[in-house]
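Novice: predicted model and sequence follow; I will ask about them next.
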Amino acid sequence: MASTDSTTPVKDKAAGGGQDLAGLEAGLDALETRTGPTRVPVRQVLVQKVLPPLTAVVLVLVVWQALVSFKIVDDPTKLPSPSAVWDEVTEAWKQGTLLDFIWTSVSRGLLGFLFALVIGTPLGLIVARVRFIRAAIGPILSGLQSLPSVAWVPPAVLWLGLNNQMMYAVILLGAVPSIANGLVSGVDQVPPLFLRAGRTLGATGLKHTWHIVLPAALPGYLAGLKQGWAFSWRSLMAAEIIASSPDLGVGLGQLLENGRNASSMPMIFLAIFLILIVGIAIDLLIFSPLERRVLRGRGLLVKS
């Protein structure tokens, strides 16, 4: 009897351990199971995604109109009314130039950003993986990233003249350091265990870079891409404001400069709003979905 009683706690512990192990396995299986996409109700999308920015825009318009209506700022050369800016929009639309302004700048900005992506990605990998090169040009990349983009416009004009090549050169000089530094930062944050596991599985050389390093460094790389686009857009606007030529066409930066030359505050506000809208649209349509997908794939973002 004594021996039977003494073995009972051992059996209970074994049974409890088996249940715990089964529960752990079930939990791991649940984590690995991917549920299909669920359709978010339209009402929820409107309340969570559309209503907050729409409310902010309406609030800005109300405050803006109040400043004009109550003569808090009664000089239209300093603050035009919303209706005056809207008249400028409709006039540009009737003349067929509004979309031309936007497309001229957006096409340059996206093409220049693609060039910067092609150059900055391998440069970032080389700097991150080769110690000598990192010690040699790593500080230079950081310094170039902090250099204002407008500083490149005068030498680019003297080197290349007033043409699209000058615009692309300014974009590259502004965006490449950000993309390269973002990738370097992402590679630095890759756990060494991932790298050792990749080599153990036979991933070496380009396979190791493509299948191990780049996927693991993707969050930092994506942050560098977002910053690179911001620098591309800012560099382009600086180039368009400073360098003007009939051969270059009229982009948003040149529209802003034309408004200053004509002392037309509605035109200046129109250019500012279009520059802002394009920047927000590119982020919402391209970078935000990519960022959500990367974070969700790593379990860092819960579907809402």
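Specialist: Nice, I can see it.
Novice: how about stretch 260-269: buried residues?
Specialist: Of the residues in stretch 260-269, 264-269 count as buried by neighbour count, 16 or more other Cβ atoms under 10 Å. (Each C-beta comes from the backbone N, C-alpha and C, glycine too.)
Novice: before we move on, what about stretch 97-105?
Specialist: Along stretch 97-105, these residues count as buried under the neighbour rule (16+ other Cβ under 10 Å): 98, 101-102, 104-105.
Novice: please apply the same query to stretch 266-279.
Specialist: The neighbour-count criterion (16+ other Cβ under 10 Å) identifies 266-271, 274-275, 278-279 as the buried residues of stretch 266-279.
Novice: how far out from the middle of the chain is it?
Specialist: Mean-position distance between stretch 266-279 and its chain equals 19 Å (Cα atoms, centre = their mean, to the nearest Å).
Novice: let's see it as CSV, backbone CA atoms only.
Specialist: Extracted as CSV, the C-alpha positions of stretch 266-279 are listed here (Å, rounded to 0.1, in the frame of the first residue of the first chain):
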residue,chain,number,x,y,z
PRO,A,266,-3.5,81.9,-53.6
MET,A,267,-1.1,80.3,-56.1
ILE,A,268,1.5,79.8,-53.4
PHE,A,269,-1.1,78.1,-51.1
LEU,A,270,-2.2,76.0,-54.0
ALA,A,271,1.4,74.8,-54.6
ILE,A,272,1.9,74.1,-50.9
PHE,A,273,-1.3,72.1,-50.7
LEU,A,274,-0.5,70.0,-53.8
ILE,A,275,3.0,69.3,-52.5
LEU,A,276,1.5,68.1,-49.2
ILE,A,277,-1.2,66.0,-50.8
VAL,A,278,1.2,64.2,-53.1
GLY,A,279,3.5,63.4,-50.1
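Novice: show residues contacting it.
Specialist: 80, 84-85, 87-89, 92, 101-102, 105-106, 230, 233, 237, 252-253, 255-256, 258-260 (Cβ atoms under 8 Å, 6 or more residues apart in numbering).
Novice: one more time with 6 Å, if that's ok
Specialist: The list of residues contacting stretch 266-279 from outside it, by Cβ atoms under 6 Å, 6 or more residues apart in numbering, reads 80, 84-85, 88, 233, 252, 255-256, 259.
Novice: check stretch 211-223 too.
Specialist: Residues from elsewhere that reach stretch 211-223 (Cβ under 6 Å, 6+ apart): 182-183, 185-187, 189-190, 194, 198, 203, 291, 294.
Novice: and those residues, which are buried?
Specialist: When burial is judged by neighbour count using 16+ other Cβ under 10 Å, the buried members of the contacts of stretch 211-223 are 182-183, 185-187, 190, 198, 203, 291, 294.
Novice: among those, name the ones in helices.
Specialist: With helices defined by DSSP state H, the entries of the buried ones among the contacts of stretch 211-223 inside them are 182-183, 185-187, 198, 291, 294.
Novice: farthest pair within those residues?
Specialist: Taking every pair in those and measuring Cβ to Cβ, the maximum separation is 24.5 Å, between Gly198 and Glu291.
Novice: could you list the low-pLDDT ranges of the stretch 151-300 of the chain?
Specialist: Where the stretch 151-300 of the chain drops to pLDDT under 70, the residues are 205, 299-300.
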